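J.: structure here, sequence nowhere to be found:
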């Protein structure tokens, strides 16, 4: 059985509920904890909101979303999510998402935290500039496998 969903939808705010449903099903199949499920869902919601708000500026243009469970080896599996849009190319080459310092109440400002949040949750975040749009690939490796390896060591 292949654990993969492919969805073509108009990128509009209320479609986030459809994406979250798919994410919840895959998280259940992958036996993620409730905390992991919420974190993965938050990252997906955030990237989707960025595409809708910043990429399409609220216009319901087409978006393709793929979600699947990847069996990396016998002891490890990951969730992979891919968004492909036709928005103007988003350049993140100058961003240093892995080097962002933690924020605190005194220094936090509104806006600009979405991409760093996605990087903090996901194990891999890849952006590819396409001729007409963007492709984002997010990979989340189940933490239950990491815990098991630490305990077995």
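T.: That came through, no problem. In this text the structure is predicted, and so the values were computed from the model without any measurement.
J.: so where do the strands sit in the protein?
T.: With strands called from DSSP state E, the chain shows them at 4-10, 62-73, 76-85, 124-130, 133-141.
J.: and those as CSV, adding mean pLDDT and mean neighbour count?
T.: All C-beta spots, glycine's among them, are computed from the backbone N, C-alpha and C. Shown next, in CSV, are the strands of the chain (pLDDT from 0 to 100; neighbours: other CB atoms under 10 Å):
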stretch, mean pLDDT, mean neighbour count
strand 4-10, 92, 13
strand 62-73, 90, 16
strand 76-85, 92, 20
strand 124-130, 93, 14
strand 133-141, 96, 19
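J.: quick one: contacts for residue 135?
T.: The neighbours of residue 135, taking CB atoms under 8 Å, 6 or more residues apart in numbering as the test, are 82, 83, 84, 127, 128.
J.: again, only using 10 Å
T.: 64, 66, 82, 83, 84, 85, 126, 127, 128, 129 (CB atoms under 10 Å, 6 or more residues apart in numbering).
J.: can you lay out the strands of the chain as JSON lines showing distance to residue 20?
T.: Output for the strands of the chain, formatted as JSON lines (distance: least, CB to CB, whole Å):
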{"stretch": "strand 4-10", "distance to residue 20": "12"}
{"stretch": "strand 62-73", "distance to residue 20": "11"}
{"stretch": "strand 76-85", "distance to residue 20": "12"}
{"stretch": "strand 124-130", "distance to residue 20": "19"}
{"stretch": "strand 133-141", "distance to residue 20": "14"}
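J.: out of those, which comes closest to residue 48?
T.: strand 76-85 (7.1 Å; CB to CB).
J.: mind giving me the packing neighbours of that closest one?
T.: strand 4-10, helix 16-29, helix 34-50, strand 62-73, strand 124-130, strand 133-141, helix 143-152 (3 or more CB pairs under 10 Å, 6 or more residues apart in numbering; DSSP states H and E).
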